[in-house]
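**Student:** mind folding the following:
(2 chains)
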Amino acid sequence: MKRAPLRITVAALMFATSTIVTASPAVAIIKVAEFPAECPLSHRLPDDPIVFPNLPGGSHMHDFMGNRSTNAFSTLSSLQAATSNCNPSIDISSYWIPTLYNNNVAVAPSSATFYYLGEGVRADITARIQPFPLGLRIVAGNAAATGPTGSRARWSCLHAGQVPPSGNFVTCPAGTRLESYLDFPQCWNGRDLDSPDHKSHMAYPVNAACPSTHPVPVPKLRQVVRWPVSGDPSGFRLASGNGYSMHGDFFNAWPVAALAQRVRDCINAIVKCGANGQPI
Amino acid sequence: MWTRIAALLCVLAACSTPSKAPPPAAPSPAVVAGTDIAWAQLTLALNERAFQILSLVPDRAADPRLVTLAAELTSSHTNENVQLNALLRRIGAPVENPHTGHDMPGMATAGEVASMSAARGVAFDQLFVESLGKHLTQCENLAQSMLQAGKLPDALALAAAIESARRQALTRLAARGAP
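**Tutor:** Below you'll find the predicted structure:
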């Protein structure tokens, strides 16, 4: 609803641009290194093909987004044989998070957006960010956090910026929505698609650069999930525990060419792109 | 002469190629044995949680067969955990899984443990049998999955022993209900 006027404005601008300044159609680009994948809830299972591979029913409940086939037995080839509910549908990667419960009733997210970003490192490093290697698996956030300070995920409220973000659930004003932000590590060790703890093959930047142990800059994956709940958070819990146990799992199955095109044209070039990988 | 130089250049070019190529993604043994690690970590965590309910039995149970079963399970679970810990150390995997401290399927929750702590006699027996049944069944299911997908021979042997032990314990638990 809110976006419609903006779209008309952009369309009008593009029309004006193409008619008046035909030689420079890229005049309206936004200088932000970003492209998104919007992937709603696909299915729910007590499975985790990264942390508990081949052990169906071994995990707490997860909300799976993106690839429609993900279960305890998923591999790169099984994901590649399936389809996705993402926009863009070419992104057949799998994303999953612990299920949110409100008074023991599972709540479906109202939206889940996975932003691929060039921020977090120096501009010269953004220019040489590489695509995620095919089959890369990452667990981000601290599922075992025992307090808000141990958490990397942040809880806030959509349309209520006055509520300070917190490591644990926040009280969102009526009419707003609970939301969770989680940034994945963006430096790869250049060798392993996974590691025994599913984290140590990746690292967060230090002083806006990738550390020598993890020298390969890849996009910063930012997971933004919203739920149609607000108010007193005492009835909220995640399948993994308190709000500070929020974590996210990513299994990269993007077709290589589609991901490479987006990284080159949106991230390396510092251009805000839409889900189709073209400038907005 | 020129052929030799060309051949030499080819050799040099070929020699320089591997250093330019990215290092091969050789997965570590711990990643290859992902199922084995996950199964060992989960079974360890399930056993640890089970100690919380097993320890309640001697002071609360009405049925002496439960007291005997709990004592035997406490002993066998302790032995299993020694072997599971040794297995994880040998693989070089973390002993704790990323969900340490969580209520995973099959585990008694803090609320259930509190209810059992407060109960006595037949009421306790009912709560305990239900909770222990969930634990044993989950361990049995995980061991069966492990036997299908595990990679390491010693881990598979341990899974086979645990699967058998859980099946026998469930049979005893079921037999207790018979008049």
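**Student:** looking at the stretch 151-280 of chain A, which residue is nearest chain B?
**Tutor:** Closest residue of the stretch 151-280 of chain A to chain B, C-beta to the nearest C-beta: A:Pro196 (3.8 Å). (Each C-beta comes from the backbone N, C-alpha and C, glycine too.)
**Student:** tally of neighbours for that residue?
**Tutor:** Look at A:Pro196: counted by other C-beta atoms under 10 Å in any protein chain shown, it has 20 neighbours.
**Student:** quick check: it touching B:Ala93?
**Tutor:** Yes - A:Pro196 is within contact range of B:Ala93, at 4.8 Å (criterion: C-beta atoms under 8 Å).
**Student:** which element, helix or strand, includes A:Ile116?
**Tutor:** If you look again at residue A:116, you'll see it is Tyr, not Ile. Element membership of A:Tyr116 [criterion: DSSP states H and E] is strand A:111-117.
**Student:** tell me the strands beside that strand, with direction?
**Tutor:** On the basis of DSSP bridges, the sheet neighbours of strand A:111-117 come out as strand A:34-38 (antiparallel), strand A:220-227 (antiparallel).
**Student:** with respect to burial, which of those strands scores highest?
**Tutor:** Most buried of these, by mean neighbour count (mean count of other C-beta atoms under 10 Å in any protein chain shown): strand A:34-38, with a mean of 24.
**Student:** got the CA coordinates for that one in PDB?
**Tutor:** C-alpha atoms of strand A:34-38 as PDB (Å, rounded to 0.1, in the frame of the first residue of the first chain):
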ATOM      1  CA  GLU A  34      22.400  -4.200  -1.900                       C
ATOM      2  CA  PHE A  35      20.100  -6.800  -3.400                       C
ATOM      3  CA  PRO A  36      17.300  -8.700  -1.600                       C
ATOM      4  CA  ALA A  37      15.600 -12.100  -1.600                       C
ATOM      5  CA  GLU A  38      12.100 -12.100   0.000                       C
END
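**Student:** contacting residues around the nearest residue to B:Leu147 once chain neighbours are set aside?
**Tutor:** Excluding the flanking residues, the one nearest B:Leu147 by C-beta to C-beta, 6 or more residues apart in numbering or on different chains is B:Ala159, at 5.4 Å. Applying C-beta atoms under 8 Å, 6 or more residues apart in numbering or on different chains, we find B:Ala159 in contact with B:Trp39, B:Ala143, B:Met146, B:Leu147, B:Gly150.
**Student:** out of those residues, who has the most neighbours?
**Tutor:** The residue in the contacts of B:Ala159 with the most neighbours, by other C-beta under 10 Å, is B:Trp39 (31 neighbours).
**Student:** what packs against the helix or strand hosting it?
**Tutor:** Assigned by DSSP H and E, B:Trp39 belongs to helix B:34-54. Contacting helix B:34-54 under the criterion 3 or more C-beta pairs under 8 Å, 6 or more residues apart in numbering or on different chains; DSSP states H and E are the following elements: helix B:64-91, helix B:110-118, helix B:121-149, helix B:153-176.
**Student:** in whichever helix or strand comes after it, what's buried?
**Tutor:** As assigned by DSSP H and E, the chain's next helix or strand after helix B:34-54 is helix B:57-60. Neighbour-count burial for helix B:57-60, counted by 16 or more other C-beta atoms under 10 Å in any protein chain shown, picks out B:Val57, B:Arg60.
**Student:** for stretch A:252-270, same thing?
**Tutor:** Across stretch A:252-270, burial judged by 16+ other C-beta under 10 Å covers A:Asn252, A:Ala253, A:Trp254, A:Leu259, A:Gln261, A:Arg262, A:Val263, A:Cys266, A:Ile267, A:Asn268, A:Ala269, A:Ile270.
**Student:** of the helices and strands packed on helix B:34-54, which stretch is the most buried?
**Tutor:** The stretch of the helices and strands packed on helix B:34-54 with the highest mean neighbour count (mean count of other C-beta under 10 Å) is helix B:121-149, at a mean of 19.
**Student:** what stretches of the chain score poorly on pLDDT?
**Tutor:** Since no chain was named, I'll use chain A. For chain A, the stretches flagged by pLDDT under 70 are A:1-27, A:143-150.
**Student:** think we crossed wires, I meant chain B
**Tutor:** B:1-31, B:98-99, B:177-179.
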